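**Student:** Here's a sequence, model it:
(3 chains, ligands or ions: 2)
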Amino acid sequence: EMRWDMPTPYSDSTFHTRNIRLFADEVLKATNNELNITVHSAGSLIKHPEIKKSVRRGIVPIGEVLMSRLSNEDSFFALDSIPYLATNYQQARKLWQASRKRTEEKLSKQGLKLLFSVPWQPQGLFAKKKVKAATDLQGLKLRVYNKYTERLAQLLQAIPTQIEAADIATAFSTGRVDSMITSPAIGANTKAWDFLSHYHHFQAWIPKNMVIVNAKQFSKLSKDAQAVVLAAAKQAEERGWQMSEQETNEKVAVMKANGLKVVYPSDKLHSELSYIGHVMTKEWLNNVGDEGKSTLAIFKQL
Amino acid sequence: MRYFLEKIYKISGFLSAFCLIASCLIVFAQVLGRIIDKLYKLFTGEIIGLMVPSAADFIGCLLVSASFFGLAFTLNNRQHIRVKIVIEQVGAGWQKRLECFSYSTAVIVSGYFTYYTYYLMIDSLEFSEVTPGIIPIPLWIPQLAMLIGVAFFMIAAIDGLIKACCQPVKHQLLINAE
Amino acid sequence: MEIGLIALILTIVLFALLAAGVWVSIALICVALTAMVLGSPVSPGDVLVTTIWGASNSYELASLPMFIWMGEILFRNKLSEAMFAGLAPWLGRLPGRLLHVNIWGCGIFAAVSGSSSATTATIGKMTLPELAKRNYDEKLSIGTLAGSGTLGLLIPPSIILIVYGAATDQSIARLFIAGIVPGLLLLLLFTSYVIVQSTIKKTKSGGLVNTKITADEQYTFKEKVAALNKLLPIVFLIGGLIGSIYFGIASPTEAAAVGVILSLFITKMKGTLSTQSFIESIMAATSTSCMIIFILASAAFLTSAMGFTGIPRELANWIGQLQLSPVLLLAVLTVFFVILGCFLDGISVVVLTTSIILPIVESVDINPIWFGIYLVVVVEMSQITPPVGFNLFVIQSLTDKNILTIAGYAFPFFLLMLFAVVLMCIFPQIALWLPEQMNNY
Ligand code: NA
Ligand code: NA
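**Tutor:** Ligands and ions are numbered 1, 2, ... in the order given. So this is what the prediction gives:
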């Protein structure tokens, strides 16, 4: 029998964590207790910033990471965080199909094997007021956490504001920030209605988490166990995409029930935002060059 | 040799204090930005949005540096916390033995720590790892600070071990009464 | 190897190393290394550097050295002395007198700082020398500090409530609000204890305070008003600190830098700040904080090592299988957390066990917000239990007293917190009433 410790960054009730626990159960059952994956959620074993490195160095054999966290190391990983490139699940699936192979190649250069990748929900804007047009965003303090969200804030003429994840509730309550862009799951789980009033279903982009495994440790498994893990991973990816999509409406409903006003953007606002997406896609292409071009070409053909 | 060692402790303390002051200034610049913004808004109704990009990342790196640089200085000043109940009760001979044992443990742990910190840093360099924020900070830089810090700490521990073992038994009481 | 046996070995190793006088941080690292070697196939060295790097590369933790620096500035430039001189005439008739400064000083400072180490170190730096100078009973002055310093965790802002909220998906805003009333309850319990103790001791042995000082008890009204003047700088400082957070100028972490700059400004204005006192304050802050952060980081490594061995997980699972009634469950959990809290630091206890404990707790219909507050009070108790209690370490670095003595002084306050836990179990509204008022928001 073999035990794999698996650090994950998010809490137990997050659908990503639930999906991963199901994956671990399946592997245990299908390998006849040969491979026992112990899930350590909410950064309890290793914190998010150190998870990828720890898997790469073999400190833990397997782990979960937000893919776009790697975008400073390689801009290619920012692909799923470009606004208005892929805004619904169908498009996001295609974008993932188009970029998966290259993502796997990049990870395998670091001795990592990608098992599966599951999306968050389409990103929406949480704010303390209703945003009807792009001009309403001007001068709004918008939470940014990387180059791309900062650029987005600049293009929206909002005020880029850095707030640490742990500080979000306090920062909103004391007025250091007015708005943030995140998924309905995060909004509902962190009970955003305690400090915010409006959720705008912008569907700006669909970021993904990925589950990676140390290639060396993976090759130490028996051939049968390897096949089981890969099959379970495939299933987990499929299930994860469904859970994510299914939860979108559920979580929006939860927020509504708790008094958060849900706003759908007008066509005008949508086209204004799409233009910004266009600008950012161009900038991204300038950053990554040919591999970006070929990936987007595949994406458009799908 | 003693001169060289004293120099190391001094540098250790100085670097640590420098990092603490630097992080304090960054944070305060951030706060000042917000105050100016508030005042500006009061008069013009607009905000400029002054901020130090990636402030939290810089502060995190400075905190690591401050914490590790200071270790040697603090050990040399005998300010690291230990439980002295037994050491204060036993006779001078045992005091010397326990003192040597404690310093040996510190030497082994800090040596082990230094060795692995070196590989942590080399790994970050090799894979050019950076922070995920607005300004990418190469991780090897604060990790180098950590490496220097634990290496200094190891030197201080070796120094302490030699002192503890070479001191004649009757002087031991004085050290611990400090 | 059997998990119980590993736990036993680790306990023995920890006690042996600490008794031998090995530095606390080094001892914690050794115990964690032993745990990794015995209970996990992973290379311990890599886990050691990864977790210690991750724990010390932290924005939230950055307020600790700055607050400690602030305390040093205030102490070295006679500001704390002025504060006591200003308060003394006003507290003359209250049994326990200036001891209450410890309690309420910590309470007020806890509204600025999210950690108990920073609260204890900053307030203690100012109060302990002054109380000693005035011949206050050491037992009570150290005890009140140890007990009230833990309130940094309960009164918002609180790092540990953020950790609990993030791990369990509870509203951090609600958790913060829920901590206020229990925090005040503890303050009142501590105050009452000091009043009762001082009254008893006075009748028994002619005074808690040295009789020479008793003569100073009589102040005219004029003197009292004049004394207020001495309080102005400290009121300005506290107002600036709390104001900076609640008016949205600084985050709780940033407030520490505001504190440093304000205290430098005040001492400069008063003319007491000199280059020498500046250098002394920064060097003292440097060594205290790097020592505490190294222990915290070592404790984070121990947390990870415990995660790899699975000891706390197994224990929590075992409690879950007992199928206890709510009251019995809470009783067992309290014992479990107190024992775990003897060896691990508070955040580790929360991080390692909530994933398993919370579903058990929710299955018997215990409110998760209430449970978070309960957990923090229990974790507060762990800050003052030996051998691993952060408030004990901080106070040892302030006073050079040994840990067991300090723990003994703090023990009545441990019991008072236990009493508060019992009260919270009987009247859950202590924690829940205030957040329930938020529903209309
Ligand atoms: Na607090
Ligand atoms: Na303890």
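**Student:** only C-alpha atoms for contact and neighbour calcs from this point on.
**Tutor:** Noted.
**Student:** Against C:Leu74, how distant is C:Leu262?
**Tutor:** Applying CA to CA, to the nearest Å, the value for C:Leu262 to C:Leu74 is 10 Å.
**Student:** Quick one: the strands in chain A, in order.
**Tutor:** Assigned by DSSP state E, chain A shows strands spanning A:2-7, A:35-40, A:62-66, A:112-119, A:124-127, A:141-144, A:159-162, A:179-182, A:198-200, A:208-214, A:261-263.
**Student:** related to what we said a few turns ago, more neighbours, C:Leu262 and C:Leu74?
**Tutor:** Per other CA atoms under 10 Å in any protein chain shown, whichever of C:Leu262 and C:Leu74 has more neighbours is C:Leu74, with 26 against 19.
**Student:** what kind of secondary structure is that one in?
**Tutor:** helix (DSSP: H, G, I helix; E, B strand; the rest coil).
**Student:** Can you give me the distance of it to ligand 1?
**Tutor:** Separation of C:Leu74 from ligand 1 (CA to the ion, to the nearest Å) stands at 20 Å.
**Student:** and the closest residue to that residue other than its chain neighbours, what pLDDT?
**Tutor:** Distances taken as CA to CA, 6 or more residues apart in numbering or on different chains place C:Ser80 nearest to C:Leu74, at 5.9 Å, with adjacent residues excluded. Reported pLDDT at C:Ser80 in the predicted model: 86.
**Student:** Is chain B within reach of the strand or helix carrying C:Ser263?
**Tutor:** Assigned by DSSP states H and E, C:Ser263 belongs to helix C:254-270. Yes. Contact of helix C:254-270 with chain B (CA under 8 Å from any CA of the partner chain) involves C:Glu254, C:Ala257, C:Val258, C:Val260, C:Ile261.
**Student:** Contact partners for the closest residue to the last one other than its chain neighbours?
**Tutor:** Distances taken as CA to CA, 6+ apart place B:Phe28 nearest to C:Ile261, at 7.9 Å, with adjacent residues excluded. Neighbouring residues of B:Phe28 by CA atoms under 8 Å, 6 or more residues apart in numbering or on different chains: C:Glu254, C:Ala257, C:Val258, C:Ile261.
**Student:** neighbour-wise, which of the residues you listed leads?
**Tutor:** Of these, with other CA under 10 Å as the count, C:Ala257 tops at 30 neighbours.
**Student:** Let me know the pLDDT of A:Gln203.
**Tutor:** Confidence score, pLDDT, at A:Gln203: 94.
**Student:** and it, how far is that from ligand 2?
**Tutor:** With CA to the ion as the criterion, A:Gln203 and ligand 2 are 48 Å apart.
**Student:** Get me the contact residues on chain A for chain B.
**Tutor:** Checking chain A against chain B by CA under 8 Å from any CA, the hits are A:69-73, A:139, A:141, A:145-147, A:150, A:159-162, A:164.
**Student:** Of these, which is the nearest to ligand 2?
**Tutor:** Ligand 2 lies nearest to A:Glu164 out of those, by CA to the ion, at 29.1 Å.
**Student:** What is the burial count for the closest one?
**Tutor:** Counted with other CA under 10 Å, A:Glu164 comes out at 16.
**Student:** what about the longest helix in chain B?
**Tutor:** Within chain B, and with DSSP state H defining each element, the longest helix by residue count is helix B:2-44.
**Student:** Helix or strand next in line after that one, which one?
**Tutor:** helix B:55-76.
**Student:** thought C:Cys290 was touching B:Ser65?
**Tutor:** No. Taking contacts as CA atoms under 8 Å, C:Cys290 lies outside contact range of B:Ser65: 9.7 Å.
**Student:** what about the residue in chain A positioned nearest to ligand 2, how many neighbours?
**Tutor:** At 19.7 Å from ligand 2, A:Ser44 is the closest residue in chain A, using CA to the ion. For A:Ser44, the count of nearby residues is 25 (other CA under 10 Å).
**Student:** Roughly how far does the nearest residue to it once chain neighbours are set aside sit from A:Val177?
**Tutor:** In space, A:Ser44 comes closest to C:Val351 once its chain neighbours are excluded; the distance is 5.4 Å by CA to CA, 6+ apart. C:Val351 sits 28 Å away from A:Val177, going by CA to CA.
**Student:** same thing with C:Met424?
**Tutor:** Taking CA to CA, one finds C:Met424 at 35 Å from A:Val177.
**Student:** thinking again about what came up before, got TSV for the contacts of B:Phe28, with distance to A:Leu196 and pLDDT too?
**Tutor:** Below are these laid out as TSV (distance: CA to CA, whole Å; pLDDT from 0 to 100):
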residue	distance to A:Leu196	pLDDT
C:Glu254	23	94
C:Ala257	28	96
C:Val258	27	96
C:Ile261	32	96
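**Student:** if we can go back for a sec, quick check: the farthest pair among the residues of chain A next to chain B?
**Tutor:** Greatest spatial distance in the residues of chain A next to chain B: A:Glu73 and A:Gly139, 30.7 Å, computed using CA to CA.
**Student:** Tell me which residues are up against the helix or strand harbouring C:Leu434.
**Tutor:** Element membership for C:Leu434, per DSSP H and E: helix C:429-436. Helix C:429-436 has contacts (CA under 8 Å, 6+ apart) with C:Arg174, C:Leu175, C:Ile177, C:Ala178, C:Gly179, C:Ile180, C:Val181, C:Pro182, C:Ile369, C:Trp370, C:Ile373, C:Met424.
**Student:** Repeat the analysis, applying 6 Å as the threshold.
**Tutor:** Contacts of helix C:429-436 with the rest of the structure, by CA atoms under 6 Å, 6 or more residues apart in numbering or on different chains, involve C:Arg174, C:Ile177, C:Ala178, C:Trp370.
**Student:** quick check, nearest of these to C:Gly147?
**Tutor:** Of these, the one sitting nearest to C:Gly147 (CA to CA) turns out to be C:Ala178, at 19.8 Å.
**Student:** show me the contacts for the closest one.
**Tutor:** C:Ala431, C:Pro435.
**Student:** Specify which member of the residues of helix C:254-270 next to chain B is nearest to chain A.
**Tutor:** C:Glu254 (11.1 Å; CA to the nearest CA).
**Student:** For the residue nearest to that closest one when sequence neighbours are not counted, the count of nearby residues, please.
**Tutor:** Spatial nearest neighbour of C:Glu254, excluding adjacent residues (CA to CA, 6+ apart): B:Val27 at 5.8 Å. Neighbours of B:Val27 under the rule other CA under 10 Å: 28.
**Student:** Over to A:Ala225?
**Tutor:** A:Ala225: 20 neighbours (other CA under 10 Å).
**Student:** For it, which non-adjacent residue is closest in space?
**Tutor:** Nearest one to A:Ala225, counting by CA to CA, 6+ apart, is A:Thr31 at 5.9 Å.
**Student:** Give me the pLDDT for the one you found.
**Tutor:** 95.
**Student:** Number of residues surrounding it?
**Tutor:** Neighbours of A:Thr31 under the rule other CA under 10 Å: 18.
**Student:** How much space separates it from A:Asn214?
**Tutor:** 19 Å.
**Student:** circling back to that earlier point, and the helix holding C:Ser263, anywhere near ligand 1?
**Tutor:** No. On the criterion CA under 5 Å from the ion, helix C:254-270 is out of touch with ligand 1, staying 12.0 Å away.
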